[in-house]
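[1] here is my input, please return the structure:
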Amino acid sequence: MANFLHFVFGIFGNVTALFLFLSPIITFSRIIKNKSTEQFSGVPYVSTLMNCLLSAWYGLPFVSPHNLLVSTINGTGAAIELVYVFLFLFYAPKKIKTKIFTLFMVVIVAFAIIALVSLFAMHGNIRKLFCGLAATVFSICMYASPLSAMRLVIKTKSVEYMPFFLSLFVFLCGTSWFIYGLLGRDPFIAVSIY
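    Sure thing, here's the model as predicted:
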């Protein structure tokens, strides 16, 4: 029964995560229509990309057995976030474009270093621990990144730049992955994936 519930919450986590990853479509429709990123921040998309890359890596069978559902949705999420980052870079003003591109390159290099070190220098539980800790650290960064929009929400006294569906799906997704992690006795998923 525990394996069945673990699987069910993994599927629910995949569905809610997909909605979470797709929730910025409304924002990007506006960006494309106005041909401007306006006052939207690109930081959450870059930090979510890093979280997805590390979580997808963590869920691979040679890093963390029995977590393939984690890899599939986070691989999908990484592809979606990559599209968002490129669209943001295309429409951003030069100063912001430079900042976001630099952050994007830091993410790509950091992920490559983490993946290569874990692949060639670590094995078994040490690899799982290293990758799980890395995913946890960057998950915290991902959750903190929307706080960059909070300053604007407070300043303008408007939630226009803090989308409701993003907040809703973060909550649903986090809850389902927390339960998935508890049922699978995997503290890194319970704490860090969402």
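[2] residue closest to the middle of this structure?
    Centroid-nearest residue in the chain, with C-alpha atoms, centre = their mean: residue 48, separated by 3.1 Å.
[3] test my guess that residue 176 contacts residue 12.
    Yes: using C-beta atoms under 8 Å, residue 176 is in contact with residue 12, at 4.5 Å. Quick note: C-beta positions are derived from backbone N, CA and C, even for glycine.
[4] which of the two has more residues huddled nearby?
    The neighbour comparison of residue 176 against residue 12 (other C-beta atoms under 10 Å) goes to residue 176, with 22 against 17.
[5] for that one, which non-adjacent residue is closest in space?
    Once flanking residues are discounted, residue 176 sits nearest to residue 13: 4.1 Å by C-beta to C-beta, 6 or more residues apart in numbering.
[6] select the helix or strand of this protein having the lowest average pLDDT value.
    One helix or strand of the chain scores below all others by mean pLDDT, DSSP states H and E: helix 147-156, with a mean of 72.
[7] what distance separates it from the centre of its chain?
    Here helix 147-156 is found 21 Å from its chain centre; the criterion is C-alpha atoms, centre = their mean, to the nearest Å.
[8] C-terminal to that helix, what's the next element?
    Using DSSP states H and E, the helix or strand that directly follows helix 147-156 along the chain is helix 164-183.
[9] what's the mean pLDDT across stretch 15-32?
    The average of the pLDDT scores along stretch 15-32 is 92.
[10] buried sites along it?
    16-18, 20-21, 23-24, 27-28, 31 (16 or more other C-beta atoms under 10 Å).
[11] turn the residues you listed into JSON lines, columns for secondary structure and distance to residue 109.
    Shown next, in JSON lines, are these (DSSP: H, G, I helix; E, B strand; the rest coil; distance: C-beta to C-beta, whole Å):
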{"residue": "16", "secondary structure": "helix", "distance to residue 109": "30"}
{"residue": "17", "secondary structure": "helix", "distance to residue 109": "25"}
{"residue": "18", "secondary structure": "helix", "distance to residue 109": "28"}
{"residue": "20", "secondary structure": "helix", "distance to residue 109": "26"}
{"residue": "21", "secondary structure": "helix", "distance to residue 109": "23"}
{"residue": "23", "secondary structure": "coil", "distance to residue 109": "28"}
{"residue": "24", "secondary structure": "coil", "distance to residue 109": "24"}
{"residue": "27", "secondary structure": "helix", "distance to residue 109": "27"}
{"residue": "28", "secondary structure": "helix", "distance to residue 109": "25"}
{"residue": "31", "secondary structure": "helix", "distance to residue 109": "26"}
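[12] from the residues you listed, which single one is nearest residue 108?
    Nearest to residue 108 out of the buried residues of stretch 15-32 is residue 21 (C-beta to C-beta; 18.7 Å).
[13] circling back: check which helix or strand the residue nearest to residue 176 maps to.
    Using DSSP H and E, residue 13 sits within helix 2-22.
[14] for residue 89, same thing?
    Assessed by DSSP H and E, residue 89 sits inside helix 68-91.
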